[in-house]
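Colleague: Build me a model:
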Amino acid sequence: MKLKLDANGNVVVQDGKPVYVHDDGKEVPFDAVAAVQKIQGLNGEAKSHREAKEAAEAKLQAFAGIDDPAAATKAIELMKNVDEGKLVAAGKVEEIKLAAKKAAEEQVAAANKAHADELARTKTELDAITGNLYSEMIGGSFNRSKLISEKFAIPVDLVQARFGQAFKVEAGKIVAYDGAGNKIFSRARPGDVADFDEALETLVDQYPYKDQILKGSGASGGGAQQPNGGGGGQKQTGNLGGTREERAAAFAAQYPELAKG
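Modeller: Residues are numbered from 1 along each chain as shown. The predicted model follows:
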């Protein structure tokens, strides 16, 4: 990445921001003020997380050696209610203490098991709901994408079938990863992840068959399959205007190398 210079060797400025030329030739104005603020904000967050961690560890030191806090609390409460004078008279102090401890442990074990079962059920239900929500968020982003509607020559469901696995939902936001597993960040907003269309554009730029799926770059548009008389007598496969299965068949027939990718 390097600064863009004009014919006189001066730095090109756009909206008060120096313009940088990336390795792929794209020109993006660099917002230095926003970048510095972002770095300061991240440093502040890191400091807060570190201080919170240290404070939590200091508090936990007071409970070192206690493996089951719930059982310990129960045992203490039981012993407060024991009339030791009567137990001494009966000569069964130790016996009663052991019985109380056993009863407390059984109660704690039963409560823990019931809690674990309920937690597992809740987690399963939550995972299912979360999965559906994430699928809707990502699928909806493909359906609403301005980039797909304006620049792609193939239907949106085929775009999602090819690039959908690169998108995830993290902390309630859609995040994209490239083929090497690296998170895709915005070029216009340093330090922030790329929004959906910017991330998709980056993924398409890295795709070896992009010329066959973009309008005006090798593909023939939404009706990309050839009519019956224009393909040298070959039998037409699938239908780009039909069902999802028919569109997928037509796409695979027209671009076999793309369907493998």
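
Colleague: CA only for contacts and neighbour counts going forward, please
Modeller: Will do.

Colleague: and residue 208, helix, strand or coil?
Modeller: The local conformation at residue 208, judged by DSSP: H, G, I helix; E, B strand; the rest coil, is coil.

Colleague: Neighbours of residue 104, how many?
Modeller: Residue neighbour count, defined by other Cα atoms under 10 Å, stands at 19 for residue 104.

Colleague: Checking it next. Helix, strand or coil?
Modeller: Per three-state DSSP, the secondary structure class of residue 104 is helix.

Colleague: need the contact list for it.
Modeller: Listed by Cα atoms under 8 Å, 6 or more residues apart in numbering, the contact set of residue 104 reads 71, 74-75.

Colleague: and what of residue 31?
Modeller: Listed by Cα under 8 Å, 6+ apart, the contact set of residue 31 reads 17-18, 188-190.

Colleague: and if we set it to 7 Å?
Modeller: With Cα atoms under 7 Å, 6 or more residues apart in numbering as the criterion, the residues that contact residue 31 are residue 17.

Colleague: Report the separation between it and residue 45.
Modeller: Residue 31 sits at a distance of 21 Å from residue 45 (criterion: Cα to Cα, to the nearest Å).

Colleague: Just the buried residues of the contacts of residue 104.
Modeller: With neighbours counted using 16 or more other Cα atoms under 10 Å, the contacts of residue 104 contain these buried positions: 71, 74-75.

Colleague: In a helix, residue 49, correct?
Modeller: Yes - Residue 49 forms part of a helix when assessed by three-state DSSP.

Colleague: Could you list the low-confidence segments of this structure?
Modeller: Applying pLDDT under 70 to the predicted model, the residue ranges of the chain that meet it are 79-92, 127, 130, 217-242, 244, 247, 250-251, 254-261.

Colleague: do that again at 80, thanks
Modeller: 1, 32, 60-69, 71-94, 122, 124-128, 130-134, 216-261 (pLDDT under 80).

Colleague: Of the buried ones among the contacts of residue 104, which is the nearest to residue 210?
Modeller: The shortest distance between residue 210 and any of the buried ones among the contacts of residue 104, using Cα to Cα, involves residue 71 and amounts to 62.4 Å.

Colleague: The closest one: helix or strand, and which one exactly?
Modeller: For residue 71, the element it lies in under DSSP states H and E is helix 69-80.

Colleague: same for that helix, what does it pack against?
Modeller: Helices and strands in packing contact with helix 69-80 are listed as helix 93-144; criterion 3 or more Cα pairs under 7 Å, 6 or more residues apart in numbering; DSSP states H and E.

Colleague: Just want the angle from the helix it packs on to helix 69-80.
Modeller: The directions of helix 93-144 and helix 69-80 differ by 150 degrees, with axes from the mean of the first three to the mean of the last three Cα atoms, to 10 degrees as the criterion.
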